[in-house]
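1. Structure for the following, please:
(one chain, ligands or ions: 1)
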Amino acid sequence: MKKVGIIMGSDSDLPVIEKTTGVLDELGVPYEVHIYSAHRTPQEAHDFAVNARESGFGAIIAAAGMAAHLAGAIAANTTLPVIGIPCKGPVFDGMDALLSTVQMPTGIPVATVAVNGGANAALLAAQILAVEDAELAGKLDAKRAKDSAAVLEKDRTVESRLMRK
Ligand code: RP5
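-> Coordinates of the predicted model:
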């Protein structure tokens, strides 16, 4: 199976990335994690993106906060699908990173998930790999069914606790 490349701009983004790796672990999807910054270590970010396809990656997740250019900078150097996670920073509640990540000019797309949306980034990466992988598609179906069952269980709990007849 192809790997997912996970790049974050700083170790301060780790709590978001742990949501991503948790979902990929659950689905049995292989991944690599690196701290490469578009601003602080631009050469490493560039080299990773340029070599990613040859290195066996099928999708890349890039998480960054503030002036979040990481996903766009990665996408500029590969035609692998790039998923951007805008991370919430100390000011602006993540709106700065959201706009920096989502507002890519025509020609270089970044599939942007919600602010701090680490789990959805993992699911989207897995869905991309599952286009050519029936076993992974089956795991995604099973996870959807399990997650739905968990919500219905919460419905039963709240119903039994709070319903007045
Ligand atoms: C971005 O700047 C990182 O992705 C991080 O979200 C933000 C702040 O980085 P630190 O100052 O916490 O290292 O590049």
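
2. Please count neighbours and contacts with C-alpha atoms only from this point.
-> Will do.

3. which stretches of the chain form strands?
-> Secondary structure of the chain (DSSP state E): strands located at 3-8, 31-35, 57-65, 82-87, 111-112.

4. export the ones you listed to CSV and tack on mean neighbour count, mean pLDDT and distance to V158?
-> Output for these, formatted as CSV (neighbours: other CA atoms under 10 Å; pLDDT from 0 to 100; distance: least, CA to CA, whole Å):
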stretch, mean neighbour count, mean pLDDT, distance to V158
strand 3-8, 24, 98, 37
strand 31-35, 15, 98, 38
strand 57-65, 28, 98, 35
strand 82-87, 32, 99, 32
strand 111-112, 20, 98, 33
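
5. Which stretch among those strands approaches the ligand most closely?
-> Proximity to the ligand (CA to the nearest ligand atom) singles out strand 57-65 among those, at 3.2 Å.

6. Could you list the paired strands of that closest one along with their orientation?
-> The strands that strand 57-65 pairs with in its sheet are strand 3-8 (parallel), strand 82-87 (parallel) (by DSSP bridges).

7. still on that earlier bit, for the strands of the chain, give me a markdown table that also has distance to A130.
-> As requested, the strands of the chain are exported to a markdown table (distance: least, CA to CA, whole Å):
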| stretch | distance to A130 |
| --- | --- |
| strand 3-8 | 12 |
| strand 31-35 | 15 |
| strand 57-65 | 10 |
| strand 82-87 | 15 |
| strand 111-112 | 17 |
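
8. quick revisit: got CSV for the strands paired with strand 57-65, with distance to Q127 too?
-> CSV is the format used below for these (distance: least, CA to CA, whole Å):
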stretch, distance to Q127
strand 3-8, 11
strand 82-87, 12
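
9. Around the ligand, pick out the residues from this structure.
-> M8, G9, S10, S12, D13, S37, A64, G65, M66, C87 (CA under 6 Å from any ligand atom).
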